[in-house]
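have a look at this prediction, sequence included:
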Amino acid sequence: SYSFCTLLFTNTKMPQTPRGTSKKGSEGIAVFVRMRPAFHGEVTDGDCMRSIRVTEGEKKVWVRDRFVEENSFEFNGVFGSQSTQQDVFEQVGKPAVKAALSGRNGTFMAYGQTGTGKTYTAFNEEPGKEGLMASCVKHVFDQVSSDSSSDYQLSLQYLQLYNDNMYDLLSNGDAEDSKSEQLAVREDTDLGTYVSGARDTVVTSYEEVLALFESANRHRIVRLTSMNAQSSRSHAIFILSIRRTSKLQAGTTICGKLTIVDLAGSERIKRTRADGVQRSEAQAINKSLACLGNVIHALADQSTAKNRHIPYRDSKLTRLLQDSLGEYGHASIMITFSPALVDITETSSSLAFGQRALKVRRQHKGPRLAVDHKALTRQLQLENRQMKSREQDLLSTVERHEQEVGRMRLTIEEDEALIDEMEAHMKQCGRKIQKLQHQLTNQKESVNTSLLVNHEEEKSATLLCHAAEIQKLRGEMERCHQNFESEKSSLLRQQAETRSENEALRAENERLKQQLGDLLRENNTDLQDEVMALTSEVITARSNAEVRTKEVQMLQNELSSLRSELSSRPSSPIDSLCQRSMSSSSGLLAGGRSFSVSLPHTEDDMSFDCGMGVAPKRIPLQQLAANYH
């Protein structure tokens, strides 16, 4: 599906290193390509546009004709016909701005055949489709406003190179006016290449830059040709100089440039059939572009052949771009080409130029610095004074530390003497402690012996006290037992009397009941009075019996209190025996029996008399105590 035509170009071998990247210590030129959309008047079907194929993802352009097989050209970036200005700015413009702000010459060059969109890419002023210049300038001011640690000074130059003569567009320099001043390109060791006599206008805002550019751009020479209705007949160079001075370090200023070059389009005179002024313009354009190609070729060969001459002075264009293509530059080239089959020769030539530019490798130097020697001298003098004052402070500090060290040494010597004295004292105290420990051991032994003797004596005295208490308790027990027996006998007598009276009263009551029954039968009225009298006598007798019963209970309570008094005293085998005897006696009393305990004067034995007709039983006291335990 490819059409075929005669394709004339030099098939160069593509470099193997990645495009736009740098080897260690070197940097290359970044090359991008952009295909313009097809014009309305161009044929868009059939064979047109089928010999060129663009793949943005692979960053390649494929070219094919009848006699040569399909060849691919690889670049740093490929922009198709549907790409936007913002896409170009993101990949090409931002790195150039970054290089300019860091003190280098960030340069962008639009290269290609006439009518392929170079001016549109670089300097378009249509809102929403601004070219690379407007986007880069806006980005510069955004970065400057966000940096509060440095002071910035921005200045603008806008030049055109027409027929190899330099003119200042900001000074209303009309190249067709014979009175316009032709400027010279010069070189300075500190500033690099510059245009002598060109107006350097300080700018403070993005809007101011656009206004100056719009005013100056009216003086650029543009003509109608057979290939382009608005063909640029001169090379336009836009230079935004950036001077950055750090607020923290005075005396040193970093100088960078943002250079945007719209190269006039190359054209074949046979095809355009130009004559007169246009012919001379085309010859000057082609000559300067050929000089640029020779410089690129020499730079590409310099990576393999050292000390090769670079023909910068062959053209004012190449001499002005010497800093951009040299050690302080960060250069990017945009190759624009037409999709039309009729332009395949110029397209191939432009792509071959881009392939040659990809081979350029150069050593990269740091940022270009503009040193204010007076300010730097003042800063060094100030730092020198500060260093001297710090030195004096350090000397005084060292002297003070030496005095402190001397005092510390004396203190250490005193401490060492005190430590020796304390060690001697500790040894003496150790000997005393050993002696005291020996004495304490002897005293412990003597105390233990005395404690054993005292314990035996206390035990004997305790036993004697217990024996005396036992004798005393025996006497009290005998007295309590006697009182108990007397109270018991009286209570028993009173109980027997009460029982007998109750029996008599019951018999009398029965008798009276019988008499009452007889009398009731005889005379009910008379008998009632007598029954009432007898009833009152019976009630009186009962109340007397109840009084006596209460007296018996009171005696029992007194007996219980005596028992509690005996139980509150220290316990001993005799006490326990007495308590058990009391409890047994209470049971016997309740059953109407008598119980007695005989306590002899000796502790060998004692006898018990239960009062039930049984002979007293004699039990040894030791056996009784053993049974108790």
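Thanks, I have it.

hmm, residue 202 is touching residue 152, no?
No. With contact taken as Cβ atoms under 8 Å, residue 202 and residue 152 are classed as non-touching, separated by 10.8 Å. (Glycine included, C-beta is placed from N, CA and C.)

comparing those two, which residue is more hemmed in?
Set side by side, residue 202 and residue 152 give different neighbour counts by other Cβ atoms under 10 Å, the larger being at residue 152 (16 against 10).

where's the more buried one, which helix or strand?
Using DSSP states H and E, residue 152 falls within strand 150-162.

now that strand: average pLDDT?
The pLDDT scores in strand 150-162 average 93.

tell me the strands beside that strand, with direction?
Sheet partners assigned to strand 150-162 using DSSP bridges are listed as strand 165-168 (antiparallel), strand 201-203 (antiparallel), strand 235-246 (antiparallel).

show me what secondary structure element comes after the shortest one.
So the one you mean is strand 201-203. The helix or strand immediately downstream of strand 201-203 is helix 206-217, counting by DSSP H and E.

who's in contact with that following helix?
Residues from elsewhere that reach helix 206-217 (Cβ atoms under 8 Å, 6 or more residues apart in numbering): 123, 125, 133-134, 137-138, 141, 156, 158, 169-170, 172, 201, 203, 238, 240.

got the angle between that helix and strand 150-162?
Interaxial angle, helix 206-217 versus strand 150-162 (axes from the mean of the first three to the mean of the last three Cα atoms, to 10 degrees): 10 degrees.

after helix 206-217 comes which helix or strand?
That would be, after helix 206-217 and using DSSP H and E, strand 222-223.

average pLDDT for stretch 412-423?
Averaging pLDDT residue by residue across stretch 412-423 gives 89.

which neighbouring elements make contact with the helix or strand containing residue 470?
With secondary structure defined by DSSP H and E, residue 470 is part of helix 373-522. Other helices and strands packing on helix 373-522, by 3 or more Cβ pairs under 8 Å, 6 or more residues apart in numbering; DSSP states H and E, are helix 524-567, helix 573-590, strand 596-598.

check which helices and strands the longest one is in contact with.
Think helix 524-567. Packed on helix 524-567, when contacts are counted by 3+ Cβ pairs under 8 Å, 6+ apart, are helix 373-522, helix 573-590.

average model confidence for that helix?
Per-residue pLDDT values over helix 524-567 give a mean of 80.

chain center to that helix: distance?
The gap between the average C-alpha position of helix 524-567 and the chain average comes to 100 Å, counting by Cα atoms, centre = their mean, to the nearest Å.

which residues does residue 315 contact?
Residue 315 makes contacts with 164, 287, 288, 291, 292, as judged by Cβ under 8 Å, 6+ apart.

just the buried ones from those?
Under a neighbour-count criterion of 16 or more other Cβ atoms under 10 Å, the subset of those counted as buried comprises 164, 288, 291, 292.

wait, doesn't residue 123 sit right on residue 236?
Yes. With contact defined as Cβ under 8 Å, residue 123 reaches residue 236; the gap is 7.0 Å.

which of the two has more neighbours?
Comparing residue 123 with residue 236 by other Cβ under 10 Å, the one with more neighbours is residue 236, at 26 against 21.

show the contacting residues for the more buried one.
Residue 236 makes contact with 119, 122, 123, 158, 159, 160, 169, 220, 261, 262, according to Cβ under 8 Å, 6+ apart.

can you list the strands paired with strand 150-162 in JSON lines and add mean pLDDT and distance to residue 61?
Output for those, formatted as JSON lines (pLDDT from 0 to 100; distance: least, Cβ to Cβ, whole Å):
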{"stretch": "strand 165-168", "mean pLDDT": "91", "distance to residue 61": "34"}
{"stretch": "strand 201-203", "mean pLDDT": "94", "distance to residue 61": "38"}
{"stretch": "strand 235-246", "mean pLDDT": "92", "distance to residue 61": "25"}
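
now the ones you listed in CSV, with distance to residue 339?
Output for the strands paired with strand 150-162, formatted as CSV (distance: least, Cβ to Cβ, whole Å):
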stretch, distance to residue 339
strand 165-168, 34
strand 201-203, 38
strand 235-246, 25
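
tell me which of those sits nearest to residue 482.
In this view, these are compared for proximity to residue 482 by Cβ to Cβ, and strand 235-246 is the closest at 127.7 Å.

for the record, mean pLDDT for the helix or strand just after that closest one?
Downstream of strand 235-246, the first helix or strand assigned by DSSP H and E is strand 252-262. For strand 252-262, the mean pLDDT works out to 90.

now strand 252-262 - C-alpha only, PDB.
The C-alpha trace of strand 252-262 is given here as PDB (Å, rounded to 0.1, in the frame of the first residue of the first chain):
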ATOM      1  CA  THR A 252      28.000  35.600  42.900                       C
ATOM      2  CA  THR A 253      25.400  35.700  40.200                       C
ATOM      3  CA  ILE A 254      24.300  32.800  38.000                       C
ATOM      4  CA  CYS A 255      23.700  33.700  34.400                       C
ATOM      5  CA  GLY A 256      21.500  31.700  32.200                       C
ATOM      6  CA  LYS A 257      19.700  32.100  28.900                       C
ATOM      7  CA  LEU A 258      16.500  30.800  27.300                       C
ATOM      8  CA  THR A 259      17.100  30.900  23.500                       C
ATOM      9  CA  ILE A 260      14.400  30.100  21.000                       C
ATOM     10  CA  VAL A 261      15.500  30.100  17.300                       C
ATOM     11  CA  ASP A 262      13.000  29.900  14.500                       C
END
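
hey, C-alpha coordinates of the following helix or strand past that strand in PDB?
Where DSSP H and E defines the elements, the next helix or strand beyond strand 252-262 is helix 269-272. Listed in PDB are the C-alpha atoms of helix 269-272, where the atom choice follows Å, rounded to 0.1, in the frame of the first residue of the first chain:
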ATOM      1  CA  ILE A 269      15.400  27.200  -5.900                       C
ATOM      2  CA  LYS A 270      14.500  24.900  -8.900                       C
ATOM      3  CA  ARG A 271      11.200  24.100  -7.200                       C
ATOM      4  CA  THR A 272      10.300  27.600  -6.000                       C
END
